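**Q** quick one, fold the following:
(3 chains)
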Amino acid sequence: MIHRAHVVEACALLRDDPDGLYTLPVFVTAVDWPDREPAAPRYDVVYQFRSLHHNDVCRLVVQVPEDDPTVPTLEGEFCGMDWHERECYDLLGIVFEGHHDLRRILLPDDWEGHPLRKDYVSFGEPVAFTHNIEWALPAAERPPGMPGSSR
Amino acid sequence: MGVSEPRPGLLLPGLHLAQSDSPAIPIPRTRAGERTAVQTGIITTTVGKVIAWGRYSSIWPALFGLACCAIEMMAVGNSRYDMSRFGAEVFRASPRQADLMIVAGRVSQKMAPVLRQIYDQMPEPKWVISMGACASCGGMFNNYAIVQGVDKVVPVDVYLPGCPPRPEGLLDAVVKLQKKIAGEPAYLRG
Amino acid sequence: MAAVLPPSGGLPGGEDPFAEGRRRLGVAADLDTVELTEIGEDTMELNMGPQHPSTHGVLRLVLDLDGEVVRACRPDIGFLHTGFEKDFERHSYQQCIPYSDRMDYLAPLINNLGFSLAAERLLGIEVPPRGQYLRVIMCELARIGSHLIWFGTGALDLGATTPFLYAWRERETILDINELVSGVRMHTSFIRVGGLMADVPDEFEAMVRNVVHTFPKAIDEYELLITKNPIWRQRTVGLGTISAEDALAYGMSGPSLRGSGVAYDLRKAQPYSSYDHFDFDIPVGHNGDVYDRYLCRMREMRESLRIIEQALENLPSGPVNTLDRKVAPPPRNEINTSMESLIRHFKLVTEGFHVPRGQVYQAVESPRGELGFYMVSDGSNRPYRVKVRAPSFSNLSALPYMVKGGLIADVVAVIGSIDIVLGDVDR
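**A** Predicted coordinates:
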């Protein structure tokens, strides 16, 4: 776990040090912990690298707060991180400062919100069961004769 | 020349054989007193039925694979299932040349406008088979990313359940669609 | 460059046959005196996809063309974004297995395996040897099936229709085995957390032996058709070249990386599910072009057959599921006789098992490369967060580099050679 100010140099060190040689970028993602006890920054930005030379993986965790979810980009060090950072921005809203093209990659450009945050409600459409029919399908929209409509 | 039984494959649907009793044209009679179209050389039918016959006998699907179901859709084209037995094997890469869209797979929110545009580019008459649970109702993906049923975007003629449906299922859907087309008045579409 | 058009009016009589057309279109009559603008600097933007037969799904490419030459390529992905990672968070661990099937839908079993291994590492359980060997057999069959689809469609993209029909003929025998063991052709969900769905039936061994015996001849047949075919070689040799350093920097993996000469295979490097018991080689290429990636995959199918043969020869007996009753349901006869087993079974089906807190990254070698599951558990019965490291995603990010400067007709060859699955890219 490192501070975000040192991400770039730490990764460059991991890549270039002969004991590391973590040259293969595996992924970058984030984990959202909205109510973490004890209080800690909301997002864990997780970097994963692989070293073919030593046949090893290494994981870095950077904690960023909710009101300022930014980390510096690693695009200059690993060109393969480009799309992974865009995906992380798209789905979790982590801003990678200095990225040349930080746009949404998976969702449409006009999408609102970041779906993988824990407070993002994901339901596409309510499914009407008998126990939740009042909530899922109001009586006005319910076809007559539908099971459960008599209640 | 012996008189053979009428062969159903040579008859157009619902056609009525000409009953010519003129002695000038000696027409061999079949068992029931009717004559086959080949023997008489004359058929009577309605324009609508001939058009429908032409439509359902050579459906050209658009090559439009989205996800897992597209793999089974490709399997239908291979030798074991052989969709060409039903005259529907000519997959067209351009929607302008297709009259059947098989929505094979889940439709994401980002794909939905594209899907609609491809549907609009297809010339009338056109039909849609919604292949698989995801295309029919969203399937197991009841979440933010997937359109809950492709019928919110395009009108669907045949829903085909399964995740993914077996190739036999798709063949059945095509046959059902052919029956539907055969029963449609021609003027309804294009 | 200035282009001089031929003089208008090709007829000897001097009458301009196109005059009427020009008048209606509002074009000047003296077109031959008009100088075309310089077009050398300008590029044409061409949209390819998302509905395109050679993009293997719903990939969209925006190509900047200078004539036939690709100056830049901007992939636009996400047309199959399904929200798997959000769905994982809403379902218990066993319920996630069918979701993992549908990510990389050409090799669903390997997705099952990756997810199961990650959860098993968090749980700290081990699958018995028979379960591990059966997992290996099923995964290698899935790998061959995936490579067959790649072979058929990749050859179809370059105009060879016959391999498509041949490859699908062979793939059906693999799907028959899937159907035998699980009842489903494609999305089997056969590999579960803690073991397998069930033990395999008696016919399994004969059917797999049939595959092992017939497939080498079938692959010989494919190679006879394609490998030395001059048309195929002209369309593939020296195209889409990427060096080993660049491939690593882009995070490429799998046959796409091995085609560049890096002998890295997770089955060898970090063996899982007893892959270290088997003797097999890692085929590598030299030039990193489309042809070498093709050769790698063809040889990989033969190596997979070797693995299957060894696993079948040495298939241990015993249970296929872990004996940990917290994860695997008790056998049927115990449910009938023991109240505790019945309760345990009910709890496992309705609630699922709870996984200790922790995080783990488990990577498996999918037909496309390193398929990784980064799983975070908060101690409940559902994963707190699952990040899928998709091999196609990283491999596709190198596509602009590989097609730059090439011809537009070769773009489809390069797309075919990195063997992307859009369900894997977009997730």
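
**Q** list of residues touching stretch C:292-309?
**A** Residues outside stretch C:292-309 that contact it (Cβ atoms under 8 Å, 6 or more residues apart in numbering or on different chains) are C:136-137, C:140-141, C:143-144, C:147-148, C:150-151, C:154, C:208, C:211-212, C:215-216, C:219, C:222-223, C:226-227, C:236, C:255-256, C:258-260, C:275, C:278-286, C:417-419. All C-beta spots, glycine's among them, are computed from the backbone N, C-alpha and C.

**Q** show me which of those are buried.
**A** Neighbour-count burial (16 or more other Cβ atoms under 10 Å in any protein chain shown) applied to these gives C:136-137, C:140-141, C:143-144, C:147-148, C:150-151, C:154, C:208, C:211-212, C:215, C:219, C:222, C:226, C:236, C:255-256, C:258-260, C:275, C:278, C:280, C:282-285, C:417-419.

**Q** chain center to the helix of greatest length in chain C, what's the gap?
**A** When chain C is parsed with DSSP state H, its longest helix is helix C:129-157. Per Cα atoms, centre = their mean, to the nearest Å, the displacement of helix C:129-157 from the mean C-alpha position of its chain is 10 Å.

**Q** quick one: average pLDDT of that helix?
**A** What helix C:129-157 shows for mean pLDDT is 92.

**Q** kindly identify which of the buried ones among the contacts of stretch C:292-309 also come near chain B.
**A** Applying Cβ under 8 Å from any Cβ of the partner chain to the buried ones among the contacts of stretch C:292-309, one finds that nothing falls near chain B.

**Q** what segments of the stretch 51-200 of chain C are strands?
**A** Along the stretch 51-200 of chain C, counting by DSSP state E, counting those that start in this stretch, strands occupy C:60-66, C:69-76, C:191-192, C:195-196.

**Q** what's the most buried one of the ones you listed?
**A** strand C:191-192 (a mean of 27; mean count of other Cβ atoms under 10 Å in any protein chain shown).

**Q** partner strands of that strand, parallel or antiparallel?
**A** Under the criterion DSSP bridges, strand C:191-192 sits next to strand C:195-196 (antiparallel) in its sheet.

**Q** and chain C, which residues reach chain B?
**A** Listed as neighbours of chain B in chain C under the rule Cβ under 8 Å from any Cβ: C:50-53, C:57-58, C:78-83, C:86-87, C:98-99, C:102, C:105-106, C:149, C:153, C:164-165, C:168-169, C:172, C:185-187, C:422-423, C:426.

**Q** if we go to 7 Å?
**A** Residues of chain C lying near chain B by Cβ under 7 Å from any Cβ of the partner chain: C:50-51, C:53, C:57-58, C:78-83, C:86-87, C:98, C:102, C:105-106, C:165, C:168-169, C:172, C:185-187, C:423.

**Q** contacting residues for residue 47?
**A** All of this refers to chain A. A:11, A:28, A:59-60 (Cβ atoms under 7 Å, 6 or more residues apart in numbering or on different chains).

**Q** to clarify, I was referring to chain B.
**A** With the criterion set at Cβ under 7 Å, 6+ apart, B:Val47 makes contact with B:Ala186.

**Q** next one: the closest residue to C:Gly288 other than its chain neighbours from C:Pro128, what distance?
**A** Using Cβ to Cβ, 6 or more residues apart in numbering or on different chains and skipping the chain neighbours, the partner closest in space to C:Gly288 is C:Ser260 (3.5 Å). Separation of C:Ser260 from C:Pro128 (Cβ to Cβ, to the nearest Å): 38 Å.

**Q** which residue packs closest to residue 111, ignoring adjacent ones?
**A** No chain was given, so I picked chain A. Closest residue to A:Trp111 apart from its sequence neighbours, by Cβ to Cβ, 6+ apart: A:Arg104 at 6.2 Å.

**Q** could you do chain B instead?
**A** Residue nearest to B:Met111 in three dimensions, not counting chain neighbours: C:Phe79, with 4.5 Å by Cβ to Cβ, 6+ apart.

**Q** is it true that the one you found touches C:His52?
**A** No - with contacts counted by Cβ atoms under 7 Å, C:Phe79 stays clear of C:His52, the gap being 11.3 Å.

**Q** reformat the contacts of A:Tyr47 into CSV and put distance to chain B, secondary structure and neighbour count next to each item.
**A** Compiled in CSV, those are given as follows (distance: Cβ to the nearest Cβ, whole Å; DSSP: H, G, I helix; E, B strand; the rest coil; neighbours: other Cβ atoms under 10 Å in any protein chain shown):
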residue, distance to chain B, secondary structure, neighbour count
A:Cys11, 31, helix, 24
A:Val28, 21, strand, 25
A:Arg59, 27, strand, 14
A:Leu60, 29, strand, 18
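
**Q** biggest separation within these, which pair?
**A** Greatest spatial distance in those: A:Cys11 and A:Arg59, 11.8 Å, computed using Cβ to Cβ.

**Q** poorly predicted segments of chain A, please.
**A** Residue ranges of chain A with pLDDT under 70: A:124, A:143-151.

**Q** identify the residue nearest the residue nearest the centre of it in space, chain neighbours excluded?
**A** The centroid of chain A falls nearest to A:Leu92 when counting by Cα atoms, centre = their mean (3.7 Å). Counting by Cβ to Cβ, 6+ apart, A:Leu92 lies nearest to A:Ala30, which is 4.5 Å off, once chain neighbours are set aside.

**Q** just B:Ala145 next, same as before
**A** Nearest residue to B:Ala145, sequence neighbours excluded (Cβ to Cβ, 6+ apart): C:Gly83, at 3.7 Å.

**Q** how many neighbours does the one you found have?
**A** 27 (other Cβ atoms under 10 Å in any protein chain shown).

**Q** now swap in C:Leu122 and tell me
**A** C:Leu122 has 21 neighbours, counted by other Cβ under 10 Å.

**Q** do the same with A:Pro18
**A** A count of nearby residues for A:Pro18, using other Cβ under 10 Å, gives 7.

**Q** isn't the residue nearest to A:Trp111 right up against A:Gly113?
**A** No - between A:Arg104 and A:Gly113 there is no contact under Cβ under 7 Å: 11.1 Å.

**Q** who's more crowded, these two?
**A** A:Arg104 (17 against 12).

**Q** ok and the residue in chain B nearest chain A?
**A** B:Gln148 (4.2 Å; Cβ to the nearest Cβ).

**Q** who are the contact partners of that residue?
**A** By Cβ under 7 Å, 6+ apart, the contact set of B:Gln148 is A:124-125, B:137-138, B:142.

**Q** identify the residue nearest B:Lys110 in space, chain neighbours excluded?
**A** Once flanking residues are discounted, B:Lys110 sits nearest to A:Pro108: 4.7 Å by Cβ to Cβ, 6+ apart.

**Q** from C:His52, how far off is that neighbour?
**A** With Cβ to Cβ as the criterion, A:Pro108 and C:His52 are 19 Å apart.

**Q** repeat that for A:Phe96.
**A** 31 Å.

**Q** the spatially closest residue to A:Ser51 that is not a sequence neighbour and chain C, how far apart?
**A** Among residues not flanking A:Ser51 along the chain, A:Tyr22 sits closest, at 4.4 Å (Cβ to Cβ, 6+ apart). When distance is defined by Cβ to the nearest Cβ, to the nearest Å, A:Tyr22 is 11 Å away from chain C.

**Q** if we can go back for a sec, which ones are touching the residue nearest to C:Gly288?
**A** With contact set as Cβ under 7 Å, 6+ apart, C:Ser260 has these partners: C:242-244, C:247, C:285, C:288.

**Q** so which residues on chain C come close to chain A?
**A** So chain C meets chain A at C:77-78, C:81, C:83, C:85-86, C:90, C:248-251, C:262, C:264, C:269-270, C:361, C:372, C:374, C:376, C:385, C:387, C:389, C:393-394, C:397, C:426 (Cβ under 7 Å from any Cβ).

**Q** the residues you listed in helices, which ones?
**A** Taking DSSP H, the ones among those that sit in helices are C:85-86, C:248-249, C:269, C:393-394, C:397, C:426.

**Q** tell me the buried residues within these.
**A** Buried subset of these (neighbour count, 16+ other Cβ under 10 Å): C:85-86, C:248-249, C:269, C:393-394, C:397, C:426.
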